[in-house]
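K.L.:
please work out how this folds:
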Amino acid sequence: MTKASRQGRRQAAKTPVRAALKTHSPLQGMVKDGLGALTNTHRIHFDDSVRASLVDSLDIDEGLKQGREQENRWDYLLGHEPSQKLVGVEPHSAQNNEITTVIRKRDAARRQLQEHLRDGVFVSKWIWVASGKVHFLPMEKATLRLAEKGIQFVSQKIRLL
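P.N.:
Here you go, the predicted model:
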């Protein structure tokens with residue numbers, strides 16, 4: 001099967017992000033197959049073992065920017081095919097002083113996505129991946145605070161979903 005026919009079949013089958021969005025959401029037209037919505041510098045954060053299971057993606061930072069330029073915005077929404085669930089991914093510098101910012105981004109994304117997601121649909125997992133070196137001191141307190149807010153920190157590479 002060619003790449004084009006696989007992509008056409010995925011669209012016809014309504015991949016997770018496409019299925020989660022309301023039919024008339026302006027974000028529908030921004031959904032890309034696979035990791036297509038991610039910048040090249042952010043694709044490196046995904047282990048090869050995970051890439052094939054991510055069948056669609058949306059740059060929600062860009063998609064939700066208009067009218068919210070000064071608000072916090074999460075970076076990406078990904079569709080995990082095996083579970084048919086949505087995963088939010090935020091590549092961001094990993095320092096203690098950024099924890100509050102990432103929590104605000106997640107909270108803002110939940111509010112901002114409400115008008116675009118179908119009733120009963122939600123993001124199943126929120127993942128923060130370090131965009132550079134990890135500078136958390138002490139690491140346990142940082143990850144505990146994030147876990148309390150429903151955010152999983154995964155250092156520099158996403159290996160499991």
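K.L.:
what residues does the helix ranked longest in the chain touch?
P.N.:
The residue-count maximum for a helix in the chain (DSSP state H) belongs to helix 99-113. With contacts defined as Cβ atoms under 8 Å, 6 or more residues apart in numbering, helix 99-113 is touched by 60, 64, 68, 71-74, 77, 88, 90, 92, 123, 126, 128, 142, 145-146, 149-151. Any C-beta I mention is one placed from the backbone N, CA and C, and that applies to glycine too.
K.L.:
low-confidence stretches in the protein?
P.N.:
Applying pLDDT under 70 to the chain picks out residues 1-13, 137-138.
K.L.:
and the strands in it?
P.N.:
For the chain, the strands defined by DSSP state E cover 32-33, 54-59, 76-80, 85-95, 123-135, 151-153.
K.L.:
as a markdown table, these with distance to residue 15 and mean neighbour count would be great.
P.N.:
Below are the strands of the chain laid out as a markdown table (distance: least, Cβ to Cβ, whole Å; neighbours: other Cβ atoms under 10 Å):
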| stretch | distance to residue 15 | mean neighbour count |
| --- | --- | --- |
| strand 32-33 | 8 | 16 |
| strand 54-59 | 4 | 25 |
| strand 76-80 | 5 | 25 |
| strand 85-95 | 11 | 21 |
| strand 123-135 | 15 | 17 |
| strand 151-153 | 22 | 19 |
